[in-house]
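*Asks:* Compute the structure for the input listed below.
(chains A and B)
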Amino acid sequence: MSEHISITLNGAPTTLEAGTTGTALFADSASTVVMRVDGELWDLARQIPADAEVQPVSISEPEGLDVLRHSTAHVMAQAVQQLFPDAKLGIGPYITDGFYFDFDVESPFTPDDLKKIEKAMQKIINQNQTFEREVVDLQEATRQMADEPYKLELLGHGQGADSMAEGAGVEVGGDVITVYHNVDRTGERVWSDLCRGPHLPNAKLITNAFAVMRAAGAYWRGQESNPQLQRLYGTAWPTKDDLKAYKERLAEAERRDHRRLGKELDLFSFPEEVGSGLSVWHPKGAVVRGEMEQHARRRHLEAGYSYVYTPHISKSDLFATSGHLGTYAEDMWPPIHMDEERDEQGQVTKQGQDYYLKPMNCPMHILIYAERGRSYRELPMRLAENGTVYRNERSGTLHGLTRVRGFTQDDAHLFVREDQLEEEITKVVDFVLSLLRDFGLEDFELELSLRDEQQEKWIGSEQYWESATQALRNVAVASGLKYTEIPGEAAFYGPKIDLKITDAIGRKWQLSTVQVDPNLPERFDLEYTAADGSRQRPIMIHRALFGSIERFAAILVEHYAGAFPAWLAPVQVRGIPVAEPFNDYLAEVIEKLKRRGVRAELEDGTDRFPKKIRTASKEKIPFVLIAGGDDAESDAVSFRFRDGSQENQVPVDEAVERIVRTIEDREV
RNA sequence: GCCCCAAUAGCUCAGUGGUAGAGCGCAGUCUUGGUAAGACUGAGGUCCCGGGAUCGAUUCCCGGUUGGGGCUCCA
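*Replies:* Below you'll find the predicted structure:
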């Protein structure tokens, strides 16, 4: 005699016997790993309540993958504590493409340990362990976690428990406290963790499509003042093929890595003698960079920007006025102390001065504005500079060209009247997008950093915030791009819009930033004379487009995997004669191209023909021109393109035109 | 800055308590006839730097430099 309840299953009303679990309901769907009950993810083993709205969640959909990875993290932690009984548990959430788990252990994990852990995990998985959910009260949770100091802290015991670390939400954070037990075939609880869940019904769903990827240090709760734990990163996928595809994706990213390609293609380097995070650009890299700069420069001039040049170094007063020495000092290089004189006793007879390398260009541009009185007729005034700045980045943060200690910003500062703000912001964002598209980037996302409700944090008038925010929002909407608003992320003086791009293999990069700033004009007491003769204060817009030219070049290297479009390619054309007798014939063709401004060269070395083809191919040269008997007879050349395709006996003049046109049109 | 790992020829990397190797690249010679590696010969090394224990260190230990993976931070 059983009671029935009605529920909504996948949107359709249906009835069930009371007490039915998800396991029973979805018994014939092997890929279902959890269920969504009234919008929340539940373990299948839970009983479905009356009137619930229920949907199955498959292992291969995003939320199912999260669960798979979270459960794999539990299995890993179980394996670690099996092998290292003294290891204390930190947190173990799922992340993009995988998961991690933090441990407090005596000594860090070795590569050998990782293999052992993986093995132990496989053993556990093969045992068909299940995950059991237990709802407990604080007291019971405390009792069960008595040996886990970090878990106790999450439960609110100990210090610092009030500030929740990111990721801690997977441990606690629901309405109730739950502990998950790993239960073996005999029904015995073999491992437990404080955890919100949900989990897979059975560990065997992990199959063998998982891997422990690497070990790294990580601070407890992400705070430097906290103890450093050992973090193990892992990944898990529904099938072995998915895991293979993931590893292939990583391998592809490695092949495209700008540090690797930068060396292989002889673009740039970081000489140890120069110093950490400081790049030098070799001839080929300088071509790519130079083309980028040249093109951007032309576009800027067309858009009404004026280029300026400013020094790399300045007396401290400038950065005191700008406020950088107050708020940004930690990121600045230590000062150079100049001009101090002392007498024989070592007493200072002439006071010295501190000079700083500039961490930003804005103060310099402001000085240009402030050099003389300005009229409202001069605004907007758009000052642009490829300005090299130096920042004292912490050594551990440096990374290839993307995070360095000296880099060149394609920086611009726009001085505008308040009534011009909205229009100018619109123009700037449109300009940024249009220029980035010239470089073959298409996949953009915008991020609006706005103020929040805490009024006292923000300076400036209501009207100013209103119009600046509205301008940014309008332009975001009009762009048709995906955008998110982040309240509270604005600088204290103004909102900003950041632009992120996704490259050819799906990685996201933060590039351009447009920031509204009435604060620096205030600090430097900037003015212009308005139409009515009154003195007014301009508003500044900071804008970097590539962000850092070096970093942007690196992004392009990775985006194109080193195979630059012809207009950016260090070598655009290589002529390869089929055999030596055709050297002179081909040399003439190359000469014609050079006269048209094409970066073309003749390969007249002693390698044999196929070897020369291979070499050109490895250098990713866009056009290989080949000439042999058939070509010479008909006053033609043959194309070999980067993809291996070819086109034979193209008349020389046509070939030249085609190459020149491809470069001019910035085609691939 | 903190934790871990690494550093050997121009590059990628083997290797060793008794001062060192491969492939590619480079140079030379002989070659060169149609789309990803012709053959041979050769040059090239302060085994990152400094200190220590050792009869002896590129190898072991300590410190530093640079790079890498993370944490944190960010263009």
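*Asks:* For the stretch 201-350 of chain A, which segments count as helices?
*Replies:* Residue ranges of the helices in the stretch 201-350 of chain A, as given by DSSP state H, counting those that start in this stretch, are A:240-256, A:258-264, A:283-302, A:316-322, A:324-327.
*Asks:* Could you export those helices to JSON lines, including columns for mean neighbour count, mean pLDDT and distance to A:Leu602?
*Replies:* Bear in mind the C-beta positions are built from the backbone N, C-alpha and C, glycine included. Output for these, formatted as JSON lines (neighbours: other Cβ atoms under 10 Å; pLDDT from 0 to 100; distance: least, Cβ to Cβ, whole Å):
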{"stretch": "helix A:240-256", "mean neighbour count": "13", "mean pLDDT": "90", "distance to A:Leu602": "30"}
{"stretch": "helix A:258-264", "mean neighbour count": "18", "mean pLDDT": "93", "distance to A:Leu602": "23"}
{"stretch": "helix A:283-302", "mean neighbour count": "16", "mean pLDDT": "96", "distance to A:Leu602": "17"}
{"stretch": "helix A:316-322", "mean neighbour count": "17", "mean pLDDT": "94", "distance to A:Leu602": "52"}
{"stretch": "helix A:324-327", "mean neighbour count": "14", "mean pLDDT": "88", "distance to A:Leu602": "52"}
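*Asks:* pLDDT weak spots in the stretch 51-200 of chain A?
*Replies:* In the predicted model of the stretch 51-200 of chain A, residues A:158-175 satisfy pLDDT under 70.
*Asks:* sorry, back to before: to A:Glu588, which of the helices of the stretch 201-350 of chain A lies closest?
*Replies:* helix A:283-302 (23.9 Å; Cβ to Cβ).
*Asks:* So which residues on the stretch 1-150 of chain A come close to RNA strand B?
*Replies:* Contacts of the stretch 1-150 of chain A with RNA strand B, taken as Cβ under 7 Å from any atom of the strand, map to A:108, A:110.
*Asks:* For RNA strand B, what's its nearest residue on the stretch 1-150 of chain A.
*Replies:* In the stretch 1-150 of chain A, the residue that lies nearest RNA strand B is A:Pro108 (3.9 Å; Cβ to the nearest atom of the strand).
*Asks:* ok so, going back, for RNA strand B, find the nearest of the helices of the stretch 201-350 of chain A.
*Replies:* RNA strand B lies closest to helix A:258-264 among the helices of the stretch 201-350 of chain A, at 5.3 Å (Cβ to the nearest atom of the strand).
*Asks:* That closest one vs RNA strand B: in contact?
*Replies:* Yes - Helix A:258-264 reaches RNA strand B (Cβ under 7 Å from any atom of the strand) through A:259, A:263-264.
*Asks:* For A:Ala530, state which of those residues is nearest.
*Replies:* A:Arg259 (52.0 Å).
*Asks:* pretty sure the closest one is touching A:Gly400, no?
*Replies:* Yes - A:Arg259 lies in contact with A:Gly400 (Cβ atoms under 8 Å); the separation is 4.4 Å.
*Asks:* what about the residue of the stretch 1-150 of chain A closest to RNA strand B, which SS state?
*Replies:* coil (DSSP: H, G, I helix; E, B strand; the rest coil).
*Asks:* Quick check: closest non-adjacent residue to A:His4.
*Replies:* Closest residue to A:His4 apart from its sequence neighbours, by Cβ to Cβ, 6 or more residues apart in numbering: A:Thr15 at 4.9 Å.
*Asks:* quick one, what contacts the one you found?
*Replies:* Counting by Cβ atoms under 8 Å, 6 or more residues apart in numbering, A:Thr15 touches A:4-7.
*Asks:* Give me the buried positions along the strand or helix carrying A:Phe415.
*Replies:* In the assignment (DSSP states H and E), A:Phe415 maps to strand A:406-416. By 16 or more other Cβ atoms under 10 Å, the buried positions in strand A:406-416 come out as A:406-416.
*Asks:* helices and strands around it, which ones?
*Replies:* helix A:283-302, helix A:362-370, strand A:381-390, helix A:421-438, strand A:539-544, helix A:549-559 (3 or more Cβ pairs under 8 Å, 6 or more residues apart in numbering; DSSP states H and E).
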